[in-house]
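A.B. asks: Predicted model and sequence follow; I will ask about them next.
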Amino acid sequence: MLTYTFRRLLLSIPTLLFIAFVIFMLLELAPGDPMGQMPLTIPDEVKQRMREALGLGEPWYIRFGLWLYQFFVVEPQYWIDSAFGTNFADGKQRIISFQSRSPVFDTIAQRLPQTLWVVGMSYVVGVAIALPIGIISAYRQYSVFDQAGTFISMIGFSVPPFFSGVLVIVIFSVQLGWLPSIYDTTHQVVDWETFKFQLRQMIMPVMVLALQTTAQVSRYMRASMLDNLGQDYVRTARAKGMSESVVVLKHVVRNSMIPVVTVIALGLPAIFGGAIITEQIFKVNGLGQLLILALQGADIPMVMTITFLLAVLIVLMNLIADVLYGVLDPRIRYD
Amino acid sequence: MKLKTILMGAIATASVGSMAFADAHEGERGRDGEVRILYWQAPSILNPFLSGGTKDVEAASLILEPLMRFDETGELVPWLVEEVPTVENGGVSEDLTQITYKITPGITWSDGTPFTSEDVAFTYEYCTAEGGGCAQGSKFVGIDSVETPDEMTVVVNFSSATPYPYSAFNGAESPIIQAAQFAECLGPRAPECTDENFAPIGTGPFVVTDFRTNDVVELVANENFRDPNKPAFATVTLKGGGDATAAGRAVMETGEFDYAWNLQLAPDVIEQMEQGGMGVPVAGFGTLVERIMLNNTNPDPSLSAEERSVIRPHPYLGDPAVYNALSMAIDRPLLVEVGYGQAGRVTCNWVPAPEAYASTSMTCDTQDIEGARAMLDEAGYVDTDGDGIRETPDGVPMEMMFQSSTNDVRQDFQALIKEWWEQIGLSVELRNVDSSVFFGGDPGSPDTFQKFYADAEMYANNFPGTDPQAYLGNGLCDAAPRPATQWQGENIARFCMEEYDELHAELTQTADLAERGRIAKELNDMAVQNGMMIPLVDRGRLSAHANSLGGVVLNTWDSELWNVADWYRTGDNR
Amino acid sequence: MTDRDIHASADNLEVAGNPVAPIPAEKTRSQWRDVWDQFKTHKGAVLGLFFLVFITLFCVAGPWIWTVDPGALDVRNKDVRPIYTAIWDSNAKVNWARPMGTDNLGRDQMANLMQGGRISLAVGWTAMILAILIGTLIGVLAGYFRAIDGLLMRFTDLVLALPLLPLLLVMMLLFRDPLRASFGPEQGIFILVVTGIGITSWMQTARIVRGDVMAIKEREFVLAARSIGTPARRMITRHILPNVLSPIMVSATLGLAVAIITESALSFLGLGFPSDFPTWGKILNDSVPRMTRFPERVILPGMAISLTVLSVNYIGDGLRDALDPRIRGM
């Protein structure tokens, strides 16, 4: 397993470079113009000069090379500098966003807290609710609990957040006035009061997002459990006189985890991608909003950096999932 | 009726504002605590020279100020100078090649250093530096040099007679930046100055404390502001993001914010929000006109890339009978009612304001489907093959591709106009394109408004400031986008008329204001009557403020936040 | 579904209440007959099937009976409420000629829901089936044949990492005009939308199927089958696929919902259908700003989407139970 992991890690380097190349070419090919957001009152020759100032006059391979250099050399140097007070990165240009003309990584670091608070928390909540629901639903198939769980999770999944988000705002912010409809990204949690405020401003986006996660994970959990509950080994285990809880929680759940692990592993990178629509509705302004604004504004350095970081996470998470398969089911071998 | 109510409303707000000036709301600086402003497009940078986006320019206007601003009627008012220079008071030279500004003594930057003519000259240098990609470059075109005879005097020399000398250093798009702060940020170094671009030092009422790009700006009152009793608010939070609906809701229904910018929403939605009772919408009109551009070239997809939307003429749109019929078939008052309500009014003009330049020769507020049909019949556009679609005399079916950018109101307009044009016997296919692609200048995309691979397209445009000369230049033959110009150019309709070009040349040589007005009106009429466009709606700006926020004067000629120093908290918390 | 079937399934409802009750066995029964009998005992599945047939008929056959043009504007009769609002609000603006009301431009809601349903259902099913086919194929191949596992999974990683928006914009740039030229505006866009959604949503299915296949491949029965020399092709179709059916079913139901909703997002990018083509997702999205005044405009399309997804989910459950010989045998 260790050699496999090591081999996969090595292999992921050319994979990621190739992914970076494909993403760059895709962005190159896609219609879009950083000047598209500028008012029409700015004349075309001024826009042309602005494009040149952004470096868009250079051919694509130079810009791609520059991005690679900045991402893999300048940025790490800059971090070393700020950590140890050295000056490797002096005078070298970091990756700069077209829209804000500021270093891309600074903005990402600024956005990370609210994205983790909201999207990350919704994922934790969603999975924490989904696993028991999936297990109980499968164990008591067609019980009232199962029926209600199915009904709510499927409705929850098929109602898009652009509707459910606005619905909860209209109910809880406009009608009842209980919760704020606009997320305050500058809010600092320092004591109990501020923590309560943080909870109040988080609860709606977290719930809207968690509904989607819960629906998805619980459906896979339930289906997979059902497959396993009918297997011979379950009968054997019961026949051996093991208690129901051991049979279900230890044997069946463990054997049913493979699709669930896959779904969760696929979902984790998505946390860092943020939740575009939900972030926009509640004005959380996390990474999702950053990415969509960058896409709309054809902010290639920003899009490129965020999507590449996501690609790294995707490759890593899928590697972890593959390793976990082997842990969950030792019969799965890669060597 | 509706229009009247809102006008009354606007007057009422304005008078409350000016009354506030006079009495009641005087007091010490920072007495009213926090004001919370919501822009549904988040500002990404606070240096208007590096981004021309309205959101960035307006956010920066809290901090940076120009020498003169436009007030809500479009008149120039002195801001950092003593008076508006004119030929009469000697501020503008007789031959129109020089303008002299006298800076008001005693103005300081927020760091306490004095504001001098050097800063003005530096601003010119900054924006015209090679490799800086200054977004406001066009404001400085024609300037030969900026001289500073003394600390309080700025002399701008133009290379030729300039009848409108005010475009540089005036209005929210061309404010003054501090020479000391930006000295190291010239030209190609401009983007490296993140700290400077995110927290410029200004003369305005507020100072940045925290700027998060595309998210939120936090500001505090400027301790060195020239009026010791202003601003009334100690802090400003300018939050960005979301959409117009949510912004309107936060001000008028939940009352979480005090001011929401540019609510482009259907009138019934605004009306619904207003019932929330926490705030009121305010409307103001400028020069923005929603129009349908008619393609004066042939957009036939079977033509080669070099010829499509380049060669003339269009199979039928060049015929006065056709474009007049298309215009007659449109019920403009209904469009206003459906799409803009109090923030829109019917217009037949390309230049709807200011008054001196707005033509009054045309009317277009009644729909005449029958008349349009008769006009087409008479001109020989009849349905010869019985498929319900008219053909041109030489047998080309009148099928139109009608495109626009993606936007709720535009799609409603498209549906209505399609219906009317189909009633007069044309076939219409609709297309909507994501606005970042539509307005982006990517020459590789077939969907940009400049490429115009359609017969008609709808969007809105306006001009900065109050002088339409450059804007009317969008009708010149050689401004047409074509492959040779990488599809750049402002003459989207590819309108081309020799008389028009000649008359525009005359405008550039005319200094007399009345005469300029006459020529501009004639140019406007010439373009509209010869099939360049079908003007639809004069679009106002609609914003909303909380009932408890006083002093708001909506200004479409300058930044909406132009008079934020005069804003205050009223006791009214209904 | 015929009336008799409905009664038959209603008769079986009692039986379903007690899953262990033996189903009367006949001597000569085809496998599919067994499957159908088992399926009938699943209350939810039968109800789901019933609703799905109903909503499909409503959308497909509805416009033949309700011949109002969904695009016809009638601004004088805008904002008409559905007739049922008259029950509690006698002042409501209702009109018997507009049973489900009209929108802000006076377009008939019922006609729009029918027309929108046609497109949404067609897009949803086709895109979902496409995604499931690609996902299952790649998942099974990668899970079963170790030699191509690495390559296929790295490809999956690549597609997962691609930003959706530019990908769709590039697709539009490259293929919209050729497709429009050869299939006409409507068909061309349909193909583009379905392919766009299909090729960007198969990755999860592929990863899940692969994971399950890798585990099942090591089970004893597979070993047994292999030891008697079963060829790979047979192995996959007879032994592996039936055992990964349930996650595929879940992916399919979730995929249907995703496809219907994604379609509405696409039309905002200009990649979807032109704005005068209603779809459920688009009707829902357009109505959100007015949902407090006209709740029916979000409830009707929202329910149509949710109930369709719910019924497909129940049918999936029923099918899975019915196809599983262990449950069927009970």
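C.D. replies: Happy to help now that I have it.
A.B. asks: The residue nearest the centre of chain C and chain A, how far apart?
C.D. replies: By C-alpha atoms, centre = their mean, chain C has its centre lying nearest to C:Leu256, at 3.2 Å. According to C-beta to the nearest C-beta, to the nearest Å, C:Leu256 stands 8 Å off from chain A. The C-beta positions use only the backbone N, C-alpha and C, and glycine is treated the same way.
A.B. asks: I figured that residue was touching C:Ala122, is that so?
C.D. replies: No - using C-beta atoms under 8 Å, C:Leu256 is not in contact with C:Ala122, being 11.8 Å away.
A.B. asks: B:Asp268 contacts C:Phe294, doesn't it?
C.D. replies: No - here B:Asp268 does not reach C:Phe294: they are 9.6 Å apart, not a contact under C-beta under 8 Å.
A.B. asks: between the two, which one's more packed in?
C.D. replies: Higher neighbour count among B:Asp268 and C:Phe294: C:Phe294, with 22 against 18, using other C-beta atoms under 10 Å in any protein chain shown.
A.B. asks: what's the overlap in contacts for B:Asp268 and C:Phe294?
C.D. replies: Between them, B:Asp268 and C:Phe294 share these contacting residues under C-beta atoms under 8 Å, 6 or more residues apart in numbering or on different chains: C:Asp79.
A.B. asks: Can you give me the neighbour number for B:Asp385?
C.D. replies: Counted by other C-beta under 10 Å, the residues lying close to B:Asp385 total 10.
A.B. asks: same check, this time on the one 10 residues further on
C.D. replies: Other residues near B:Gly395 number 9, with proximity taken as other C-beta under 10 Å.
A.B. asks: And for B:Asn555, nearest residue in space, chain neighbours not counted?
C.D. replies: In space, and not counting its chain neighbours, B:Asn555 is closest to B:Glu72: 4.4 Å by C-beta to C-beta, 6 or more residues apart in numbering or on different chains.
A.B. asks: tell me the contacts of the one you found?
C.D. replies: B:Glu72 is in contact with B:Ala14, B:Gly284, B:Val553, B:Leu554, B:Asn555, B:Thr556, B:Trp557, counting by C-beta under 8 Å, 6+ apart.
A.B. asks: Poorly predicted segments of chain C, please.
C.D. replies: Scanning chain C for pLDDT under 70 picks out C:1-29, C:267-271, C:325-330.
A.B. asks: Pull up the residues of it that are close to chain B.
C.D. replies: Taking C-beta under 8 Å from any C-beta of the partner chain as the contact definition, chain C meets chain B at C:71-73, C:75, C:79, C:104-105, C:169, C:173, C:177, C:181, C:185, C:267-270, C:274-276, C:286, C:288-290, C:292-293.
A.B. asks: Now intersect those residues with the strands, please.
C.D. replies: Here DSSP state E is the test, and those give no hits in strands at all.
A.B. asks: Distance from the helix or strand containing the residue nearest to the centre of chain C to the middle of the chain?
C.D. replies: Using DSSP states H and E, C:Leu256 maps to helix C:245-268. Per C-alpha atoms, centre = their mean, to the nearest Å, the displacement of helix C:245-268 from the mean C-alpha position of its chain is 6 Å.
A.B. asks: do stretch B:59-78 as well
C.D. replies: With C-alpha atoms, centre = their mean as the basis, stretch B:59-78 stands 15 Å off its chain's centre.
A.B. asks: Looking at it now, give me its mean pLDDT.
C.D. replies: What stretch B:59-78 shows for mean pLDDT is 91.
A.B. asks: show me the contacts for residue 256.
C.D. replies: This is for chain A. When contacts are taken as C-beta under 8 Å, 6+ apart, A:Ser256 is in contact with A:Ala138, A:Met221, A:Ser224, A:Met225, A:Asp227, A:Asn228.
A.B. asks: Chain B, not that one
C.D. replies: So B:Glu256 contacts A:Ser173, A:Pro180, A:Ser181, A:Ile182, B:Arg36, B:Ala250 (C-beta under 8 Å, 6+ apart).
A.B. asks: Of those residues, which belong to helices?
C.D. replies: Taking DSSP state H as the definition of helices, the contacts of B:Glu256 contribute B:Ala250.
A.B. asks: Reformat the contacts of B:Glu256 into TSV and put neighbour count and distance to chain C next to each item.
C.D. replies: Formatted as TSV, those follow (neighbours: other C-beta atoms under 10 Å in any protein chain shown; distance: C-beta to the nearest C-beta, whole Å):
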residue	neighbour count	distance to chain C
A:Ser173	21	12
A:Pro180	21	19
A:Ser181	26	14
A:Ile182	24	17
B:Arg36	21	22
B:Ala250	31	14
